[in-house]
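A.B. asks: give me a 3D structure for the following:
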Amino acid sequence: MARAKTFSELLNPDAFLWPKKGDRLLRSTGDWNKQVSFSPDAFDRHMHIWSGYMRAGAALVEEAERESVDRHFLVYPILFNYRHGLELAIKWVIGQYGRYADVSLGPDGVDHDLWKLWKLCRRVITAVGSEGEEDEALHSIEQIVKDFHDLDKTATAFRYSINKDGATIKLPDTAIDLSNVRRVMESVDNFFAGVDGQLDANSSAADW
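C.D. replies: Sure, this is the predicted structure:
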């Protein structure tokens, strides 16, 4: 009986990358065009992570549009990236400006409940910003947050196919427009960037 071939022998070495001796995940480089560093400052890092997840979602939508078959695989990381970017944007507002509205993340700082976090965020925006409770953009953002919360209450629906009980996680059974997802989330990102600028200006000018 012939002995089974090794994994590497089963693959065409000219067509597939394969692990080799000496491979390490984080290898230093002096090449300016290749290198990237992690920010040592929590303030900057939060901004980079927030923006990074939003940009990753947009980049993946572009890839899904370029290679149509990929959309069936990329929809999950696309929505996860956007969801996490949204969570970070909300937490940024609360963390940076919540003290001016007697609001804090407290023990919910590591909570992934978007709706709970949004209610705190909205209090900060209306108290420190210029938007009132009837502001159209504020209502639009609230609906989008609710949409994401209803889809994925615990930040697991786009990372796993089953829940802790082994049941398939339910997702909509209708086809969705990924281009619309990108457009909507770009507007969401712009909203939070604008809110950050306004709250920064208002809190700096006011006598709290």
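
A.B. asks: which outside residues touch stretch 125-141?
C.D. replies: With contact meaning C-beta atoms under 8 Å, 6 or more residues apart in numbering, stretch 125-141 is reached by 93, 97, 100-101, 103, 122, 187-188, 191, 195, 198-199, 202-203. The way it works is simple: take the backbone N, C-alpha and C, and place the C-beta from them, glycine included.

A.B. asks: how about a cut-off of 10 Å?
C.D. replies: Surrounding stretch 125-141, the residues in contact under the criterion C-beta atoms under 10 Å, 6 or more residues apart in numbering are 86, 89-90, 93-94, 96-103, 118, 121-122, 142, 184, 187-188, 190-192, 194-195, 198-203, 206, 208.

A.B. asks: buried set for stretch 140-148?
C.D. replies: I141, E142, I144, V145, F148 (16 or more other C-beta atoms under 10 Å).

A.B. asks: contacting residues for the closest residue to D111 other than its chain neighbours?
C.D. replies: The shortest distance from D111 to any residue other than its chain neighbours is 6.8 Å, reached at L117 (C-beta to C-beta, 6 or more residues apart in numbering). By C-beta under 10 Å, 6+ apart, the contact list for L117 reads L86, E87, I90, K91, V93, I94, L105, D108, G109, D111, V145, H149.

A.B. asks: which ChimeraX command selects the buried ones in the residues you listed?
C.D. replies: Applying 16+ other C-beta under 10 Å to those, the buried members can be selected in ChimeraX as follows:
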select :86,87,90,91,93,94,145,149
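
A.B. asks: just give me the least confident of the contacts of L117.
C.D. replies: When the contacts of L117 are sorted by pLDDT, the bottom entry is D108 at 58.

A.B. asks: counting neighbours, what do you get for H84?
C.D. replies: H84 has 21 neighbouring residues, counting by other C-beta atoms under 10 Å.

A.B. asks: so how far is F16 from it?
C.D. replies: 31 Å (C-beta to C-beta, to the nearest Å).

A.B. asks: and G95, by the same measure?
C.D. replies: For G95, the distance to F16 equals 44 Å [C-beta to C-beta].

A.B. asks: which one's more surrounded, these two?
C.D. replies: Taking other C-beta under 10 Å, G95 and F16 do not tie; G95 has more neighbours (18 against 9).
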